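>>> here are the coordinates; sequence isn't available:
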């Protein structure tokens, strides 16, 4: 039992996904239980992982390059915690909405299970298969309301995402042609020899894999699908997309750049790839911030804000020092928490105001002080103002930029934070402006609705906001989870 | 012209189809062509001219080097890729049916004008 834990973490939501289709009454209990089981399984491994150890599991007992193995090290432990934690909250949040049927929970569990699969697998082709499974579930979740806009957003994402994953698969093909193996650690061992004989093929596979993942992460020139998909999906799905799904792409990119192409012989590739990451990060950051400033639709604004924050994570990864990576990975966690809060709040706000327009939320702060307060705390975190967690990670990245000699990057991050402040304060300002004439009876009725049926929704938001403040006040706790992940990427760092 | 080069050429044709065609069905056809080209690419990696089927039996192990066997792994991988490709195509076509029922058009230029 104990040795089978890595595979049980993936199987538990997968099994529940198919059981959910059979029952009508117990679907939510089943979904929540399966995710809780996975989280309990992960936490039994935590003491081993946090001390810098890693857990290997060979599926079916097939060792090494022949079989598929699962690896849980610091990095995959960190990402899988984010995935399952936010996934659980998303399910609790969508619990009290009658419009979500069995297929919704089925798709949600499939996507969560395949996300853990992408994170744990040590086999690069298996990673592709899980990624494609995840993408299929996500396309369907975006199209779940079956309105015209969601169908178009989903189709758009399907075409662009399909091309991106094809690039990824072609890159895998090149790697296999050179090394004859599919396991990431074996490829990393054999790649230096291949690099000397066929440099162009290594470069080709590098370019294909990075651009394929770039499409999935939505870095600047490849971001076209993100604003539509993230803003049109149902609010809990938006939170999942922004908070977690994009991070899976970032995880794969980190694995590829730091795990696969990172031997000393590749100093040319590595130094140039870090420059590429930084340049992409800066462009993505400024573009996302500028576009978010121009939006009037709240969820579209949040979607562009995601592009903005991805830019910051990229800058941290591009700097590549210990502090830069710590900041970038910590920002991954913080962004998941904050974006989860913001999209959850946006869901309640849109349901209540009946409009997605920022102008329509006037007076919301007086009707729903607690939700508005949560939104304000989360947006402060996104801007990076001290008692919140966003500040800590941005501070680390800026510090790393200055230490590594890229003072310009720190200045750019600060400018982008100012723009972030501008577009979030525009929303917050609307909360406390006078609402246009509205009959008082209507307000009373809506108040009752929020206090009654939406208890669980509000509860998830408060939990996330508490996490946001807690990690801001005690950042050591977050950094202690990130440290083992950084030690995987940079071998000289001790966890 | 090796099979690898041909498969990359086909990949480019598929990419052209996805990017430049206005009709949604033609975009999906482009995606299918890309998928096919990847299958061709993987199969041609493992191909040996006049190779044998990779079945080891007791009497074949001695004296015969493994170099004459066709690499079986890419073929196994491509079965998975074909299945995935079919499910992506099926999902895309299902979405297209819904989109056509809503908007009565499949032209992406006209669809982007609709709100």
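Ah, there it is. Quick caveat, the model's predicted, so the values are computed rather than measured.

>>> contacts and neighbour counts: CA atoms only from here.
Fine.

>>> check which element follows the lowest-mean-pLDDT helix or strand in chain B along the chain.
The least trusted helix or strand in chain B, going by mean pLDDT, DSSP states H and E, turns out to be helix B:58-61, with a mean of 57. Per DSSP states H and E, the first helix or strand lying C-terminal to helix B:58-61 is helix B:72-103.

>>> next structured bit after that following helix?
helix B:108-113.

>>> who touches stretch A:353-372?
The contact list for stretch A:353-372, computed with CA atoms under 8 Å, 6 or more residues apart in numbering or on different chains, reads A:296-299, A:345, A:349-350, A:373, A:427, A:430-436, A:443, A:447, A:458, A:461.

>>> got any ranges where the stretch 51-200 of chain A has weak pLDDT?
For the stretch 51-200 of chain A, the stretches with pLDDT under 70 are A:64, A:98.

>>> same thing with chain B?
In chain B, residues with pLDDT under 70: B:56-67, B:115.

>>> tell me which parts of it are close to chain A?
By the rule CA under 8 Å from any CA of the partner chain, the part of chain B lying against chain A is B:15, B:18, B:27-28, B:31, B:34-35, B:38, B:41-42, B:45, B:77, B:80-81, B:84, B:88, B:91-92, B:95-96, B:98-99, B:102-103, B:115.

>>> quick one on the thing from earlier: can you flag the buried ones in the contacts of stretch A:353-372?
A:296-299, A:345, A:349-350, A:373, A:427, A:430-432, A:458, A:461 (16 or more other CA atoms under 10 Å in any protein chain shown).

>>> which among these gets closest to chain B?
Checking the buried ones among the contacts of stretch A:353-372 against chain B with CA to the nearest CA, the nearest one is residue A:297 at 14.0 Å.

>>> what residues are up against the closest one?
A:356-358.

>>> and residue A:474, by the same measure?
Residue A:474 neighbours (CA under 8 Å, 6+ apart): none.

>>> how deep is residue B:77 tucked in, by neighbour count?
Residue B:77 is flanked by 16 other residues according to other CA atoms under 10 Å in any protein chain shown.

>>> ugh, wrong one, I meant residue A:56
17.

>>> the residue lying closest to it once chain neighbours are set aside: neighbour count?
Leaving aside its sequence neighbours, residue A:56 sits nearest to residue A:71 (CA to CA, 6 or more residues apart in numbering or on different chains; 4.8 Å). Residue A:71: 20 surrounding residues under other CA under 10 Å.

>>> that's a strand at residue A:71, yeah?
Yes - assessed by DSSP: H, G, I helix; E, B strand; the rest coil, residue A:71 belongs to a strand.

>>> is it true that it touches residue A:57?
Yes - with contact defined as CA atoms under 8 Å, residue A:71 reaches residue A:57; the gap is 6.5 Å.

>>> what is in contact with those two at once?
residue A:6.

>>> residues contacting residue A:464?
With CA under 8 Å, 6+ apart, residue A:464 has these contacts: A:337-338, A:340-341.

>>> show the pLDDT at it.
pLDDT recorded at residue A:464 is 89.

>>> same question, residue A:436
On the pLDDT scale, residue A:436 gets 61.

>>> buried sites along the helix or strand harbouring residue A:379?
Taking DSSP H and E as the criterion, residue A:379 maps to helix A:369-383. Across helix A:369-383, burial judged by 16+ other CA under 10 Å covers A:371-383.

>>> make a markdown table out of the residues you listed and add pLDDT.
Formatted as a markdown table, the buried residues of helix A:369-383 follow (pLDDT from 0 to 100):
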| residue | pLDDT |
| --- | --- |
| A:371 | 85 |
| A:372 | 85 |
| A:373 | 87 |
| A:374 | 88 |
| A:375 | 88 |
| A:376 | 89 |
| A:377 | 89 |
| A:378 | 90 |
| A:379 | 90 |
| A:380 | 90 |
| A:381 | 89 |
| A:382 | 89 |
| A:383 | 89 |
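
>>> so which of the residues you listed is the closest to residue A:478?
residue A:381 (14.8 Å; CA to CA).

>>> now do the contacts for that closest one.
A:338, A:388-391, A:468.

>>> one more: residue A:279?
Contacts here follow CA under 8 Å, 6+ apart; on that basis residue A:279 touches residue A:315.

>>> list the buried residues in the strand or helix carrying it.
Residue A:279 is part of helix A:267-293 when elements are defined by DSSP H and E. Judged by neighbour count (16+ other CA under 10 Å), helix A:267-293 contains these buried residues: A:269-270, A:273-274, A:277-293.

>>> got it, and stretch A:51-60?
When burial is assessed from 16+ other CA under 10 Å, stretch A:51-60 yields the following buried residues: A:52-54, A:56-58.

>>> likewise stretch B:106-115?
Of the residues in stretch B:106-115, those buried (16+ other CA under 10 Å) are B:106, B:111.

>>> for it, give me every contacting residue.
Contacts for stretch B:106-115 (CA under 8 Å, 6+ apart): A:149, B:22-25, B:96, B:99-100, B:103, B:105.

>>> out of the residues you listed, which are buried?
Buried among those by 16+ other CA under 10 Å: A:149, B:23-25, B:96, B:99-100.

>>> could you single out the nearest of those residues to residue A:418?
residue A:149 (32.1 Å).

>>> out of everything not next to it in sequence, what's closest to residue A:165?
residue A:212 (5.8 Å).

>>> burial of the one you found, as a residue count?
Neighbour tally, residue A:212, other CA under 10 Å: 26.

>>> that one and residue A:193: what is the separation?
25 Å (CA to CA, to the nearest Å).

>>> likewise residue B:98?
In terms of CA to CA, residue B:98 sits 51 Å off from residue A:193.

>>> higher neighbour count, these two?
Just comparing residue B:98 and residue A:193: by other CA under 10 Å the higher neighbour count belongs to residue B:98, 17 against 13.

>>> how about that one: what's its closest non-neighbour residue?
Nearest one to residue B:98, counting by CA to CA, 6+ apart, is residue A:151 at 7.5 Å.
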